[in-house]
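> quick one, what's the 3D model for this:
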Amino acid sequence: MIVCLAGKNNIAVDVLEYLISCRQKLKNFDIVCILNKNEDGKNGWQKSLKWYCEKHEILLTSLVETISANFLFTVQ
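Next up is the predicted model:
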């Protein structure tokens, strides 16, 4: 299973931290992230999702690549 997270800043980083902790326990899914276009990879008053992904070796992808890979399932 692949979990795809999209976003930027603290809320996305918090969710990613949770997913990483689950992955360490369960070890049965991969994580990929889609960044907002204005994500610059720099921590400011909020954490950067790009920076956090790079630090934890999480694959960065685009929405187009995700859709073309045909594994996108959305939860709203």
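> okay, buried residues for stretch 53-60 please.
Neighbour counts using 16 or more other CB atoms under 10 Å place 53, 58 of stretch 53-60 among the buried residues. For every residue, glycine as well, the C-beta is placed using N, CA and C.
> run through the neighbouring helices and strands of the worst-scoring helix or strand of the chain on mean pLDDT.
For the chain, counting by mean pLDDT, DSSP states H and E, helix 63-68 ranks last in confidence among helices and strands (a mean of 76). For helix 63-68, the contact count by 3 or more CB pairs under 8 Å, 6 or more residues apart in numbering; DSSP states H and E identifies strand 30-35 as packing neighbours.
> for the strand it packs on, which positions count as buried?
Here strand 30-35 shows 31-35 as buried, counting by 16+ other CB under 10 Å.
> in the least confident helix or strand of the chain, what's buried?
Applying 16+ other CB under 10 Å to helix 63-68 flags Thr66 as buried.
> neighbouring contacts of it?
Taking contacts as CB atoms under 8 Å, 6 or more residues apart in numbering, the residues outside helix 63-68 that touch it are 4, 6, 32, 34, 72.
> quick check: the gap between the residue nearest in space to the middle of the chain and Ala69.
Closest to where the C-alpha atoms of the chain average out (CA atoms, centre = their mean) is Cys33, at 2.9 Å. Taking CB to CB, to the nearest Å as the criterion, Cys33 is separated from Ala69 by 14 Å.
> strands of this structure, residue ranges please.
Counting by DSSP state E, the chain has strands at residues 2-7, 30-35, 59-61.
> can you put those in JSON lines and add mean pLDDT?
Shown next, in JSON lines, are the strands of the chain (pLDDT from 0 to 100):
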{"stretch": "strand 2-7", "mean pLDDT": "87"}
{"stretch": "strand 30-35", "mean pLDDT": "91"}
{"stretch": "strand 59-61", "mean pLDDT": "91"}
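> quick one: closest of those to Lys47.
When the strands of the chain are ranked by proximity to Lys47, the top entry is strand 2-7, at 11.3 Å, counting by CB to CB.
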